[in-house]
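Asks: Below are the sequence and a predicted model for it; my questions follow.
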Amino acid sequence: MPAFKTLDDLNHIAGKRVLVRVDLNVPVSEGRVTDATRIERVASTIRELSDKGAKVILLAHFGRPKGQPVGDMSLSLIASAVEDVLDRAVFFATDCIGAPAEDAIARMNNGDILLLENTRFHKGEEKNEADFTAALARNGDIYVNDAFSAAHRAHASTEGLAHHLPAYAGRTMQAELEALEKGLGNPSRPVVAIVGGAKVSTKIDLLMNLVKKVDALVIGGGMANTFLAAQGIDVGKSLCEHDLADTARKIMAEAEGAGCSIILPVDGVVAREFKAGAANETVAIDVIPSDAMVLDVGPRSVEKVNDWITKAQTLVWNGPLGAFEIEPFDAATVSAARHAAERTRSGQLVSVAGGGDTVSALHHAGVAEDFTYISTAGGAFLEWMEGKELPGVAVLSK
Ligand SMILES: Nc1ncnc2c1ncn2[C@@H]1O[C@H](COP(=O)(O)OP(=O)(O)O)[C@@H](O)[C@H]1O
Ligand SMILES: O=C(OP(=O)(O)O)[C@H](O)COP(=O)(O)O
């Protein structure tokens, strides 16, 4: 892992203006933040800087306003949720550059916290424009990036600023990078990856990268059907990307060349309707009824997955094993999640998971707190699993 400066390297910052890039892109319904996890994750960085007497100036985006002010994408809607999480006053400036930002900063006392308006209200943000980045940089002495979940964007506030100001990783960024390093960078072996979810098409690069890095790759969820069909198995009415049969075969060949075991389901739970409580049966994978669809991997498959989790020292997980939102098709995901959690609790497994649905599934199984690390990132976590360099991370390297 490249080396980074962290908050441990920041001393004597009382009175310094610290621009902190955070990810406040949180779900909101009827004006209320419905999941404050991302705010909670950046709270420790904000508190630490404020306690050291810095003037803490928060930079963030919210939604995709495409370079112009849009009322319901104003960060003023999020400011009170940030105050609630921090239990401290948070001031707000109606623009992230120019007079509104400068005036608000001029009024700050040491330790104060100020949230600037959505950086994406300016076209220069996503274009990483020099003039816009310079305008942001004028408001700070130091730059801290604590937004791993936006680090796959090479924007002014996620990448550009690090070229203008001394740059540091915040506590969440640091924790995320350390966990990811344990997951795939320099992991204890054997390393097992579980990749599930709906489709192969969204995860081709990820699968190609993983087979080169892990000892075993468990493929579950709807995407397993594409791999099974590529081996000549009739998957009935299951979700399946038949046009990706060649891709699936290529991934399996790559795995064989790299010494990575591919673990596919040997049985499935099938139903005729995609709804909770639908009549279902468990069948061997080579006798799927032609009018049925596989909605979960079966008990014999789960046993195999759990055996691999038992053998593993490291587990990386993205994508559920079945349609976990509708019972009883959550059974395999819940069983594997609980087994991984138990191994993690007893200190025998490092478990790292990410992806919106994956995190929901782990919460559903009641074990999200037990995993070694759960990423709050969706896109950035996937790009990391694909082995891509994240611009916001690369620029922080010492
Ligand atoms: N066998 C299956 N058939 C249809 N959909 C499935 C199946 N298994 C999993 N899914 C669906 O995959 C979706 C999650 O996949 P994905 O979006 O790739 O996960 P993540 O957000 O964690 O990356 C869920 O909505 C789930 O219902
Ligand atoms: O919520 C985010 O992405 P994610 O849902 O993929 O984790 C990040 O804030 C990045 O937002 P963007 O995808 O609009 O650049």
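Replies: Looks like it arrived, so ask away. Ligands and ions are numbered 1, 2, ... in the order given.
Asks: now the residue in the stretch 151-300 of the chain positioned nearest to ligand 1, nearest residue through space, not along the chain?
Replies: Nearest to ligand 1, among the residues of the stretch 151-300 of the chain, is Gly197, at 2.3 Å (C-beta to the nearest ligand atom). Quick note: C-beta positions are derived from backbone N, CA and C, even for glycine. Distances taken as C-beta to C-beta, 6 or more residues apart in numbering put Gly319 closest to Gly197, at 3.1 Å, once the chain neighbours are dropped.
Asks: Contacts only, for the residue of the stretch 151-300 of the chain closest to ligand 1.
Replies: Contact partners of Gly197, counting by C-beta atoms under 8 Å, 6 or more residues apart in numbering, are 203, 221-223, 318-320, 355, 357-358.
Asks: ok, and which of the residues you listed reach ligand 1?
Replies: When contact is defined as C-beta under 6 Å from any ligand atom, the contacts of Gly197 meet ligand 1 at 221-222, 318-320, 355, 357-358.
Asks: Buried members of those into PyMOL, please.
Replies: Burial among these is assessed by 16 or more other C-beta atoms under 10 Å; the matching PyMOL selection reads:
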select buried, resi 221+222+318+319+320+355+357+358
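Asks: So for the residue in the stretch 1-150 of the chain positioned nearest to ligand 2, what's the pLDDT?
Replies: Of all residues in the stretch 1-150 of the chain, Asn25 sits closest to ligand 2, at 3.4 Å by C-beta to the nearest ligand atom. With respect to pLDDT, Asn25 has a value of 96.
Asks: And Thr376, by the same measure?
Replies: The score at Thr376 is 85. That number is its pLDDT.
Asks: Look at it and tell me its secondary structure.
Replies: Reducing the assignment at Thr376 to three states with DSSP: H, G, I helix; E, B strand; the rest coil gives coil.
Asks: And the residue of the stretch 151-300 of the chain closest to ligand 1, how far from ligand 2?
Replies: 14 Å (C-beta to the nearest ligand atom, to the nearest Å).
Asks: can you pull out the helices in the stretch 101-250 of the chain?
Replies: For the stretch 101-250 of the chain, applying DSSP state H, counting those that start in this stretch gives helices covering 123-127, 130-137, 171-180, 204-213, 221-230, 245-258.
Asks: So is the shortest one next to ligand 2?
Replies: No. Remark: helix 123-127 sits outside contact range of ligand 2, by C-beta under 6 Å from any ligand atom, the gap being at least 8.4 Å.
Asks: what separates that helix from the chain centre, distance-wise?
Replies: Distance of helix 123-127 from its chain centroid, counting by C-alpha atoms, centre = their mean, to the nearest Å, is 23 Å.
Asks: contacts for that helix?
Replies: Under C-beta under 8 Å, 6+ apart, the answer for helix 123-127 is 61, 67-68, 119-120, 129, 131-133, 135, 153, 155-157.
Asks: Would you write a PyMOL line that selects the buried entries of those?
Replies: Buried residues among those (16+ other C-beta under 10 Å), as a PyMOL selection:
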select buried, resi 61+119+120+129+132+133+135+153+155+156+157
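Asks: Flag every residue of the stretch 51-200 of the chain that's near ligand 1.
Replies: Applying C-beta under 6 Å from any ligand atom, we find that the stretch 51-200 of the chain lies next to ligand 1 at 196-198.
Asks: Including secondary structure, could the ones next to ligand 1 among the contacts of Gly197 go into a markdown table?
Replies: Listed next are those as a markdown table, based on three-state DSSP:
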| residue | secondary structure |
| --- | --- |
| Gly221 | helix |
| Gly222 | helix |
| Asn318 | strand |
| Gly319 | coil |
| Pro320 | coil |
| Gly355 | coil |
| Asp357 | helix |
| Thr358 | helix |
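Asks: Of the ones next to ligand 1 among the contacts of Gly197, which is the nearest to ligand 2?
Replies: Nearest member of the ones next to ligand 1 among the contacts of Gly197 to ligand 2, counting by C-beta to the nearest ligand atom, is Gly355, at 8.8 Å.
Asks: Report whether the expected contact of the closest one with Gly319 is present.
Replies: Yes. Assessed by C-beta atoms under 8 Å, Gly355 is found in contact with Gly319 at 6.2 Å.
Asks: May I see the buried residues of stretch 116-130?
Replies: 116-122, 124-126, 128-129.
Asks: likewise stretch 153-170?
Replies: 153-162, 164-165, 167-170.
Asks: which among the residues you listed gets closest to Gln231?
Replies: Lowest distance from Gln231 to the buried residues of stretch 153-170 (C-beta to C-beta) belongs to Arg153, with 38.2 Å.
Asks: Quick check, pLDDT for that closest one.
Replies: 98.
Asks: Return the closest of the buried residues of stretch 153-170 with respect to ligand 2.
Replies: Arg153 (5.0 Å).
Asks: what's near enough to touch the closest one?
Replies: Arg153 touches 126, 159, 391-392, counting by C-beta under 8 Å, 6+ apart.
Asks: Leaving out the residues flanking it, which one is nearest to Phe148?
Replies: What sits nearest to Phe148 in space, not counting adjacent residues and going by C-beta to C-beta, 6+ apart, is Glu176, at 4.2 Å.
Asks: That neighbour contacts Thr372, doesn't it?
Replies: No. Counting by C-beta under 8 Å, Thr372 is not a contact partner of Glu176; they are 11.8 Å apart.
Asks: This completes my enquiry, with thanks.
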